[in-house]
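# need a 3D model of the sequence below.
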Amino acid sequence: MVKVLVDDTEQECEEGMTVLQACEQAGVEIPHFCYHDRLSIAGNCRMCLVEVSPGPPKPQASCALPISEGMAITTDSPSLRAARKGVMEFLLINHPLDCPICDQGGECDLQDQALAYGFERGRFVENKRSVGEKFMGPLVKTVMTRCIHCTRCVRFANEVAGVDTIGMLGRGEDVEITTLEQTLDSELSGNVIDLCPVGALTAKPSAFRARSWEVDKTFGIDVMDAVGSNIRIDSKDGRVLRILPRLHEDVNEEWLSDKARFSCDGLTRQRLDQPYVRKEGKLQAVEWQEALALVAQKTRQARARCAALAGNHCDLESLYALKKLLQGQGSQMFDARQGGAQFDPSLRGGYLFNTTIARVAEVDALLIVGANPREDAPTLNARVRQAWLHGKLRRAYGVGVRCDLTYPCHWLDDKPQRLLKIAAGKDGVFETLSMAKRPMLMVGYDALERSDGKEIWRLCGAIAEKAKMVREDWNGFNLLHRSASAVGASELGFNRGLEGVQSLLVAMAKGCVDVTFVMEADDFDTEALDRCFTVYIGHHGERTAQVADVILPSAAYTEKSGTWINMEGRVQRGFAAVSPPGKAQASWRILRALSETLGAAPAWNDLQGLRENLTKEHPELGEQDRPLKAAWTSLGKAGALREEAIVARCDNYYMTDPVSRASETMSACTRTRRELRTAASRTSASQASRP
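Below is the predicted model:
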């Protein structure tokens, strides 16, 4: 530890800290623009000036100056105030006075610091410089005349996102931040908007729609993947305008994927806002009483021949209510793995991300099986990149579809048979994994949604055991989920057996199911529903709604208070930001009303009562914001593997669920990425044809 004086107050700091970090630790605010604690130091803006002794007689940039024993730091003096005013005056020389029309107004670092540290007037009378707008794709809007060249966006793109699209050209007053008219081809591109300390980069989809002080801010949980990113939902007049990340060091840090951030415009399109019943082959709008009465009648007749399938966005409360409804009829046919992922939901250690998201930084060897972390969990992939960039990760291997993960990965094979060699210790990869101190294995849905998915899952468990990935102080076996509801459904016992969905669909096809409840699930083969009475509880008029006999409109994730469990088993709670449209209701309310119509009203009447019953049956789910503990259990002996190569089960990152498929912004991103891929293919073909 190093002792320093910050404004005559002694402070004990870790060796290697900068002066700015020492001042922040002491609770002293140092103005800055270019510095960001998750990015490398640039020292561009010169706003973070302090005086140090011993040291040079003039003010120093605190962000780039390391502390030393006995250093005396002065953060406020007449000379420092004059220097900061001079720096601010230079920064504002070319900055336009367009705050009234800037989307950054009200939450702009430049506004705040100009008020606190700036000069009372400008003295620059020469012609101001104007910079043209740069094209950065359908998500990021640019007004580059406002840019102060802090290079936060450049450093984020290179260091965190792992793309080299943004850079700086020119020198002196001719310097510009540019993409050379290219799209930011990253699943994390929207984070440059949050990083920009001025209004140079703003959100294109929500441009000019509201001022920052006009919106209602609600804390929520993202359901677009299984990471469970903490989000802030900004709404106005009953509509969600934008979604921003909330700081959570152990989950998403302060980043958010583009799909989670920008797909919210899909929440208002193709919505179901009233109940429907199919009459004479056509869906007709009805009142709640009529729809519930018909469903209750069919359910009474079916009794134990009822089944249920839940989708990727379902909260714990809705899953619990649906499970209780079916159990009340004597049925045990329900599952939430609509894609057909095969893993044993009775073995907690076999379906959790056991390493935990935060400890990915400690990994020194990695094996990826049937997954693309860059698209399955972009914020998690950014942590893996940081482990490679700044940590100890030096070896990453992959079995499955070759893809660019933004860090070096040696793709071994696209067939699962390579795993047999690794498990037998006849592959150099096994030696690397077994010699590593913190090895990690990630198995994804591309492997588990095959007909031999359970065998690959078991084989990965065997590799983890033999390579000593599972120890008392470390568990390197991880299942990389895509579904926000997968872990919660497994914890509640809603997922059943290794082949849950396949067995359900087979039972439907054989005519063994009379009534099927489909809750927010649209990504499965709906042909099996032709032979049974289908009740769809959902919020978008998509695939399942087209074949349903009864539609009961439900609330989306921003319209209800709910609990979700992320891939590492962390229980988190989100809150309703807006009301559901029309006559739609939260799923748990619909299921309680249906139970009452059946004459078997549950013991709870409100959300609080439901949660009390849920935690009484599952006490471990009552503890918030802490990963569940899982004792390791052998996953069993693997059987035969198919010869076919592992293929990507998801071919479009931007459209994976009803909300994102309804989003115009995600449609624009899809078109842009398709154009990028086409152009890249043409370039590759042209280069290959050259002599």
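# which parts of the stretch 1-150 of the chain are helices?
Along the stretch 1-150 of the chain, counting by DSSP state H, counting those that start in this stretch, helices occupy 19-25, 78-91, 109-117.
# buried sites along the shortest one?
In this case it means helix 19-25. Across helix 19-25, burial judged by 16 or more other CB atoms under 10 Å covers 19-24. For glycine as for every other residue, the C-beta is placed from the backbone atoms N, C-alpha and C.
# what do you get for the last one?
Of the residues in helix 109-117, those scored as buried under the neighbour-count criterion (16+ other CB under 10 Å) are 109-111, 113-114, 117.
# cool, and the longest one?
Neighbour-count burial for helix 78-91, counted by 16+ other CB under 10 Å, picks out 80, 83-84, 87-89, 91.
# need the residues that contact that helix.
For helix 78-91, the surrounding residues in contact (CB atoms under 8 Å, 6 or more residues apart in numbering) are 31, 33, 45-47, 49-51, 59, 74, 110, 113-114, 117-119, 122-124, 148.
# if you set the cut-off to 10 Å instead, what comes out?
By CB atoms under 10 Å, 6 or more residues apart in numbering, the residues outside helix 78-91 that reach it are 31, 33, 45-51, 57-59, 74, 76-77, 110, 113-114, 116-124, 148-150, 198.
# could you check the angle helix 109-117 makes with that helix?
Using axes from the mean of the first three to the mean of the last three CA atoms, to 10 degrees, the interaxial angle of helix 78-91 with respect to helix 109-117 works out to 150 degrees.
# next, count neighbours for Ala291.
The number of residues packed near Ala291 is 23, by other CB atoms under 10 Å.
# now, of the contacts of helix 78-91, which are buried?
31, 33, 45-51, 59, 74, 110, 113-114, 117-119, 148-150, 198.
# follow-up on the earlier one: save the helices of the stretch 1-150 of the chain as JSON lines, and put in distance to Gln327 and mean pLDDT too.
Output for those, formatted as JSON lines (distance: least, CB to CB, whole Å; pLDDT from 0 to 100):
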{"stretch": "helix 19-25", "distance to Gln327": "54", "mean pLDDT": "95"}
{"stretch": "helix 78-91", "distance to Gln327": "65", "mean pLDDT": "93"}
{"stretch": "helix 109-117", "distance to Gln327": "54", "mean pLDDT": "93"}
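# which one of the buried residues of helix 19-25 is nearest to Leu552?
Glu24 (51.7 Å; CB to CB).
# dump the buried residues of helix 109-117 to a markdown table, plus distance to Asp98.
Listed next are the buried residues of helix 109-117 as a markdown table, based on distance: CB to CB, whole Å:
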| residue | distance to Asp98 |
| --- | --- |
| Asp109 | 16 |
| Leu110 | 12 |
| Gln111 | 12 |
| Gln113 | 18 |
| Ala114 | 14 |
| Tyr117 | 21 |
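# closest to Leu309 among those?
Closest to Leu309 out of the buried residues of helix 109-117 is Asp109 (47.7 Å), distances taken as CB to CB.
# so that closest one touches His32, yeah?
Yes. Between Asp109 and His32 there is a contact under CB atoms under 10 Å: 8.7 Å.
# max-length helix in the chain?
Secondary structure assigned by DSSP state H gives helix 664-689 as the longest helix of the chain.
# can you give me how far it is from the chain middle?
24 Å (CA atoms, centre = their mean, to the nearest Å).
# buried sites along it?
Neighbour counts over helix 664-689 (16+ other CB under 10 Å) mark 665-670, 672-673 as buried.
# before we move on, the earlier item: which of the buried ones among the contacts of helix 78-91 fall in strands?
Those of these mapping onto strands are 49-51, 74, per DSSP state E.
# element containing Thr629, please.
Slight slip there: residue 629 is Lys, not Thr. Using DSSP states H and E, Lys629 sits within no helix or strand.
# coming back round to it: what would the helices of the stretch 1-150 of the chain look like in JSON lines with distance to Val550?
Compiled in JSON lines, these are given as follows (distance: least, CB to CB, whole Å):
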{"stretch": "helix 19-25", "distance to Val550": "58"}
{"stretch": "helix 78-91", "distance to Val550": "61"}
{"stretch": "helix 109-117", "distance to Val550": "52"}
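# for Asp174, which residues are in contact?
Counting by CB under 10 Å, 6+ apart, Asp174 touches 129, 131.
# so Leu49 touches Gln60, yeah?
Yes. At 6.8 Å, Leu49 counts as touching Gln60 under the criterion of CB under 10 Å.
# for Ala291, report the pLDDT, please.
With respect to pLDDT, Ala291 scores 97.
# in a helix, it, correct?
Yes. Counting by DSSP: H, G, I helix; E, B strand; the rest coil, one finds Ala291 located in a helix.
# which residue ranges of the stretch 351-500 of the chain form strands?
Along the stretch 351-500 of the chain, the stretches classed as strands by DSSP state E, counting those that start in this stretch are 365-369, 395-399, 410-413, 439-444, 470-471, 474-475, 477-480.
# could you pull out the buried residues of the last one?
By neighbour count, with 16+ other CB under 10 Å as the criterion, the buried positions of strand 477-480 are 477-480.
# likewise for the second one?
Neighbour-count burial for strand 395-399 flags 395-399 (criterion: 16+ other CB under 10 Å).
# what does stretch 604-621 give?
Within stretch 604-621, the residues that count as buried by 16+ other CB under 10 Å are 604, 607, 610-611, 613-615, 621.
# picking that back up, can I get the strands of the stretch 351-500 of the chain in JSON lines with distance to Asp335 and mean pLDDT?
Listed next are those as JSON lines, based on distance: least, CB to CB, whole Å; pLDDT from 0 to 100:
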{"stretch": "strand 365-369", "distance to Asp335": "23", "mean pLDDT": "97"}
{"stretch": "strand 395-399", "distance to Asp335": "27", "mean pLDDT": "96"}
{"stretch": "strand 410-413", "distance to Asp335": "31", "mean pLDDT": "95"}
{"stretch": "strand 439-444", "distance to Asp335": "19", "mean pLDDT": "97"}
{"stretch": "strand 470-471", "distance to Asp335": "27", "mean pLDDT": "94"}
{"stretch": "strand 474-475", "distance to Asp335": "26", "mean pLDDT": "96"}
{"stretch": "strand 477-480", "distance to Asp335": "16", "mean pLDDT": "97"}
